[in-house]
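Colleague: give me coordinates for this.
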Amino acid sequence: MHSSIKVSNLQHGEVLTYPLVMVKGQVTGHKEVKVSGLISVKTKGTDQDWPVVGGAFKILLRLHQGKNKIELRFESVSLQINLCFEPPDRKFVVTPLYIVSKDHDGHFQGAAGADCSLGAALARIQLGAQLLQSVLAEKLWEEGVGRRTFGLERDPQVHRSDLSAEAALEMAPEELWAHFGRELVTKWGPEEAQRRKFVAFLACTRYQGGPHPSGLLHEQILALTKGHAALGGGGLALFGTACLHTWPTTLENVLPCFADTTPVDQTILMDDSGYRGTYGGCYSTTLGAVLHELCHTFDLGHTKKGIMGRGFDRMDLIFRPEAAADVPSTPPAHQVVDFTVNLKVECVTSAEPKVEVKPQLKKSRSGGANSLLLMDCTDHIYFTQSCAAILAFHRWINDEKLVKTGSISFDNESWTIKSSVGLRVVEVREGETQLVCNWWCFSPSRLLFVLPRSSIAEKSKSAPLLLFAQDVGGNIFKTNLPL
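Modeller: From the prediction side, this is the model:
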């Protein structure tokens, strides 16, 4: 039986700006029969096997700088693809941190037998951040705005805090976020801090379980977890580490960790799994929460669906080759906080994004004229169109050669928004929840837009509303919307 291998998300010779890449594709047998088994991946210095399930595969590869020759082999059939990794010189970067209290040794809480040392924490954080860098690039490519992502400092740093572990365990999440935000600005200095987004993890987090009925609600679990946060905004995304023991330290363990069905013993360990109750569920939800909160630092609000809703719970679906399951509906458990360092016009309007139930052939909007690719959108994890537009033109993500200074203004009487370089996206958000209730994307950009008063639903007029606008230069404007 003759098989064929096709890569669906990357082109031969493609240049990437990040080191950890996902290669997706299909293996078909005689008469297009979908096959299962193992696909061998050979690169310089590595030779690994990855699963093929129902004809689909998803491979994680770490590229070295320059040209990478990659050989895929299934049974007697092989395919070679070349990818080039060229890290850009970035002014704006994401800095991963491990925050250790002044009287703490850096060990985090975890299951019996797990390596919870400071070194293990740094390895888990480093791999997690690189996975999210790759996910963001892949999701923006699926939305047709190019394979763009944030610049990432390669090695996480240890931040030795002046705060004691005892004091941290008594503080509310918002207090922890504000305290460490001030510490980081003081340590790095206002000017240097302005070019960084910190994604930080607290070593001191402790789940204080004990005898109690099984099946605790998420709010009850949070009440038993001290020194914990899941907050993002401005320059800092901050997280507890009570589930960090479920994260892998190597690429080979990413899929096994997502598939880990070990039940969480709620008497001794935090269960932040979106009510799945497994180690794999905890890994999926908490890794997704880091992406969700990090994107708040990139100025995204909340959406009803997708990554900026509760879609981040199912991060596992991005990496697992098998068919996607339905995304469970769980109540929001993460917040937005505000931390700043004194620091022919086509108009696409708000509509529910279409998520394909099955893959279908469509032309990649970021590719060339002949780049007809099978875009895999079956994992239900996506950015809405306005979120993707904000990220694509954000200073932390966009090509720095395209970043330029511009001004945006808003007239309270006429509801007119003006831009000196061209508006790319406008959103109206509910002030307290930051939920996006209306949005407009412009391609090409436009210098003027009159916000239609009729677009504001009556039920929204009683609540504070925020007007958000971004131009093609990455400049951002926010103001309360007068009603």
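Colleague: now do the same for the closest residue to residue 163 other than its chain neighbours: its pLDDT.
Modeller: Distances taken as CB to CB, 6 or more residues apart in numbering place residue 101 nearest to residue 163, at 5.7 Å, with adjacent residues excluded. No exception for glycine: its C-beta is placed from N, CA and C like everyone else's. For residue 101, the pLDDT comes out at 96.
Colleague: for residue 101, the count of nearby residues, please.
Modeller: 21 (other CB atoms under 10 Å).
Colleague: let's have the chain start at 48 instead
Modeller: Happy to do that; since the first residue is 48 now, the last one works out to residue 148.
Colleague: contact partners for it?
Modeller: Each residue near residue 148 by CB atoms under 8 Å, 6 or more residues apart in numbering is listed here: 208, 210-212, 215, 250-251.
Colleague: now tabulate those residues in TSV and tack on secondary structure.
Modeller: Converted to TSV, those look like this (DSSP: H, G, I helix; E, B strand; the rest coil):
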residue	secondary structure
208	coil
210	coil
211	coil
212	helix
215	helix
250	coil
251	coil
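Colleague: in the one helix or strand residue 337 maps to, what's buried?
Modeller: Here residue 337, judged by DSSP states H and E, is contained in helix 326-344. For helix 326-344, the neighbour count (16 or more other CB atoms under 10 Å) marks 326-344 as buried.
Colleague: just stretch 89-98 next, same as before
Modeller: 90, 97-98.
Colleague: skipping adjacent residues, who's closest to the most centrally placed residue in the chain in space?
Modeller: With distances taken as CA atoms, centre = their mean, residue 338 lies nearest the centre of the chain, 2.9 Å away. Leaving out its chain neighbours, the residue that sits closest to residue 338 by CB to CB, 6+ apart is residue 179, at 4.9 Å.
Colleague: the one you found and residue 215: what is the separation?
Modeller: To residue 215, residue 179 is 25 Å away according to CB to CB, to the nearest Å.
Colleague: ok, now residue 181?
Modeller: 32 Å.
Colleague: comparing those two, which shows the higher neighbour count?
Modeller: More neighbours surround residue 215 than the other of residue 181 and residue 215, with 25 against 22 (other CB under 10 Å).
Colleague: wait, that one touches residue 230, no?
Modeller: No: Residue 215 is beyond contact range of residue 230, at 11.5 Å (criterion: CB atoms under 8 Å).
Colleague: how about low-confidence regions in the stretch 398-530 of the chain?
Modeller: 398-426, 504-509 (pLDDT under 70).
Colleague: ranges for the helices of it?
Modeller: With DSSP state H, counting those that start in this stretch applied, the stretch 398-530 of the chain shows helices at 432-439, listed in chain order.
Colleague: strands of that one, start to end?
Modeller: 407-410, 419-422, 455-458, 463-477, 483-497, 512-518, 523-527 (DSSP state E, counting those that start in this stretch).
Colleague: mean neighbour count and distance to residue 262 added to these, as JSON lines?
Modeller: Shown next, in JSON lines, are the strands of the stretch 398-530 of the chain (neighbours: other CB atoms under 10 Å; distance: least, CB to CB, whole Å):
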{"stretch": "strand 407-410", "mean neighbour count": "12", "distance to residue 262": "40"}
{"stretch": "strand 419-422", "mean neighbour count": "17", "distance to residue 262": "39"}
{"stretch": "strand 455-458", "mean neighbour count": "16", "distance to residue 262": "49"}
{"stretch": "strand 463-477", "mean neighbour count": "21", "distance to residue 262": "32"}
{"stretch": "strand 483-497", "mean neighbour count": "18", "distance to residue 262": "33"}
{"stretch": "strand 512-518", "mean neighbour count": "21", "distance to residue 262": "37"}
{"stretch": "strand 523-527", "mean neighbour count": "15", "distance to residue 262": "41"}
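Colleague: and of those, who's closest to residue 307?
Modeller: Proximity to residue 307 (CB to CB) singles out strand 419-422 among the strands of the stretch 398-530 of the chain, at 29.2 Å.
Colleague: return the helix or strand hosting residue 141 as CSV; C-alpha atoms alone will do.
Modeller: Under the criterion of DSSP H and E, residue 141 resides in strand 140-147. Taking C-alpha atoms only, strand 140-147 is exported to CSV below (Å, rounded to 0.1, in the frame of the first residue of the first chain):
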residue,chain,number,x,y,z
VAL,A,140,9.9,41.6,24.0
VAL,A,141,8.1,39.3,26.4
THR,A,142,10.2,38.4,29.5
PRO,A,143,9.3,35.2,31.4
LEU,A,144,10.0,35.4,35.1
TYR,A,145,10.0,33.1,38.1
ILE,A,146,9.3,35.1,41.2
VAL,A,147,10.9,33.8,44.4
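Colleague: now do whatever helix or strand comes next after it: which elements does it pack against?
Modeller: Next along the chain after strand 140-147, taking DSSP H and E as the criterion, comes helix 165-189. Helix 165-189 makes packing contacts with strand 67-75, strand 140-147, strand 198-199, strand 243-249, helix 326-344, helix 363-366, helix 432-439 when contacts are defined by 3 or more CB pairs under 8 Å, 6 or more residues apart in numbering; DSSP states H and E.
Colleague: pairing partners for the second one, with directions?
Modeller: For strand 140-147, the paired strands and their directions (DSSP bridges) are strand 198-199 (parallel), strand 204-207 (parallel), strand 243-249 (parallel).
Colleague: next, the angle helix 165-189 makes with that strand.
Modeller: Interaxial angle of strand 140-147 relative to helix 165-189 (axes from the mean of the first three to the mean of the last three CA atoms, to 10 degrees): 150 degrees.
Colleague: out of the helices and strands packed on helix 165-189, flag the one nearest residue 286.
Modeller: Of all the helices and strands packed on helix 165-189, strand 243-249 comes closest under CB to CB, at 5.2 Å.
Colleague: what sits up against whichever helix or strand comes after that closest one?
Modeller: Later in the chain than strand 243-249, the nearest helix or strand by DSSP H and E is strand 253-254. For strand 253-254, contacts defined as CB under 8 Å, 6+ apart pick out 156, 216, 268, 271-274, 289, 315-317.
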